[in-house]
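# Quick one: sequence and predicted model below, then my questions.
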Amino acid sequence: MDEHNNSLDTHVVIDDFCDTETIKAALKIELRQGFNIAHSTLEFDIERCEKPYC
């Protein structure tokens, strides 16, 4: 990673962890094709944050 490539580090809320790899692959394709994001770190959660700063 450097200042010439787009990257993303984010949390993704899903219903359960059974399809995580499929969801991850689809998101990474969409991020690359739709937003030119070459590197992404996706952390999966099943609970939504109810705090105002989330």
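Cool, the structure landed.
# Tell me the secondary structure at the spatially closest residue to H39 that is not a sequence neighbour.
Nearest residue to H39, sequence neighbours excluded (C-beta to C-beta, 6 or more residues apart in numbering): S7, at 4.3 Å. Where C-beta positions appear, they are placed from N, C-alpha and C, glycine not excepted. The assignment at S7 comes out as strand when based on DSSP: H, G, I helix; E, B strand; the rest coil.
# now S7: how far from I46?
25 Å (C-beta to C-beta, to the nearest Å).
# can you pull the contacts of the residue nearest to H39?
1, 37-41 (C-beta atoms under 8 Å, 6 or more residues apart in numbering).
# For E50, give me phi and psi.
Dihedral angles of E50 (phi, psi; degrees, to the nearest 10) stand at phi -100, psi 0.
# Please report how far it lies from V13.
12 Å.
# tally of neighbours for S40?
Counted with other C-beta atoms under 10 Å, the neighbours of S40 add up to 17.
# re earlier: which of the contacts of S7 lies closest to E30?
The nearest member of the contacts of S7 to E30, counting by C-beta to C-beta, is I37 at 9.1 Å.
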